[in-house]
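Enquirer: Sequence plus the predicted model coming up.
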Amino acid sequence: MIERGQYLGPRAIRNTTMGHRRQHRQFRLDPFALCRIADLGDAPVIRGLNPFEAMDDLRAFYEPIAAAGTRPLSVGGDHAITTPILRAIAGPGSPRGESVAVVHLDSHTDAYAVDLDSGGVEHAATWARLGVDEGTIDGEHSVMVGINGPHPALHLDRWAHDTYRAITLDEIDEIGVAATIAAIRERVGDRAVYLTIDLDVLDLPWAPAVADPEVGGLTARQAQQLVQGLRGVDLVGADVVCFVGRKDSEGEVTALTAAALMHDVVTLLAESASR
């Protein structure tokens, strides 16, 4: 399902936050004092009417960012944006020269079959599989967290469970957040890590304005704990995706939730860069 309006996600988050998030209370530090943090503006997608050419436009935007050693935090857009970002910052053709481990918070695996015959390869439902195939994602050290919701066919998730460590919402309920964080950290080890957060991993009271909502997801507090639990890993980039601003509640709950998670991620990126 394609939801028009996801491209307005960055604008909604900018309008909601506007400078009042600076120092991190739990970590007791100011990320803005650790390194230079800047809003680079919206990525120009010159050929937006052609989704495959748009992917090339996005990659071209991120290539000089990667070459400068900058650690990007991006706001979608849908989950298709992760593919061109990873192509710029990871894999054999990148300045890093190797794949990265991915920590993927989502209700869905986004690792469905890549259909070469129809040309429907690069979209929000294939990026997690495409990245492994292309060598930007190290599947053996990557983890999916929060998988839940109904499914059209159970076999469609088989590849994801065989390739990634997939932690379902039921497993999180069973083992708890602390054990989930321990499992994530064990999986990624000392690899460079890219974090991607699909806001539909959250239950609807905390993120009603998402493209593919699922009933009964993580609470906002659980999501914050999971993200903060990555402190100390070598975080090299991140994104927050699938926010449809026009669907948000009157109190802009989704924008506030996304901004809070982004502040956690910015702080983690700043600490990683300063090390």
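Expert: Sure thing, it's come through.

Enquirer: Helices along this protein, start to end?
Expert: Secondary structure of the chain, counting by DSSP state H: helices at 9-17, 31-34, 51-67, 82-89, 127-134, 158-163, 169-175, 177-188, 220-228, 253-274.

Enquirer: And the ones you listed: which comes nearest Asp234?
Expert: helix 253-274 (5.7 Å; CB to CB). For glycine as for every other residue, the C-beta is placed from the backbone atoms N, C-alpha and C.

Enquirer: Show me which parts of that closest one are buried, residue by residue.
Expert: Neighbour-count burial for helix 253-274 flags 253-273 (criterion: 16 or more other CB atoms under 10 Å).

Enquirer: ok, back up a step: reformat the helices of the chain into CSV and put distance to Glu98 and mean pLDDT next to each item.
Expert: Converted to CSV, the helices of the chain look like this (distance: least, CB to CB, whole Å; pLDDT from 0 to 100):
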stretch, distance to Glu98, mean pLDDT
helix 9-17, 29, 83
helix 31-34, 25, 93
helix 51-67, 13, 91
helix 82-89, 11, 96
helix 127-134, 12, 94
helix 158-163, 18, 94
helix 169-175, 29, 97
helix 177-188, 14, 98
helix 220-228, 24, 98
helix 253-274, 17, 95
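
Enquirer: Could you look over these and pick the most buried one?
Expert: Among the helices of the chain, helix 82-89 has the highest mean neighbour count (mean count of other CB atoms under 10 Å), at a mean of 25.

Enquirer: What is the burial count for the spatially closest residue to Asp157 that is not a sequence neighbour?
Expert: Spatial nearest neighbour of Asp157, excluding adjacent residues (CB to CB, 6 or more residues apart in numbering): Thr109 at 5.3 Å. Using other CB atoms under 10 Å, Thr109 is surrounded by 22 other residues.

Enquirer: Enumerate every residue touching Gly5.
Expert: 244-247 (CB atoms under 8 Å, 6 or more residues apart in numbering).

Enquirer: One more pass at 7 Å, please.
Expert: 244-246 (CB atoms under 7 Å, 6 or more residues apart in numbering).

Enquirer: One more: Ser99?
Expert: Applying CB under 7 Å, 6+ apart, the residues near Ser99 are 90-91, 135-138.

Enquirer: And those residues, which is closest to Arg129?
Expert: Ranked by distance to Arg129 (CB to CB), these are led by Ile137 at 8.9 Å.

Enquirer: Residues in contact with stretch 218-231: which ones?
Expert: Contacts of stretch 218-231 (CB under 7 Å, 6+ apart): 26, 103, 105, 145-146, 177, 180-181, 195, 201-203, 206, 257, 260-261, 264-265, 268, 271.
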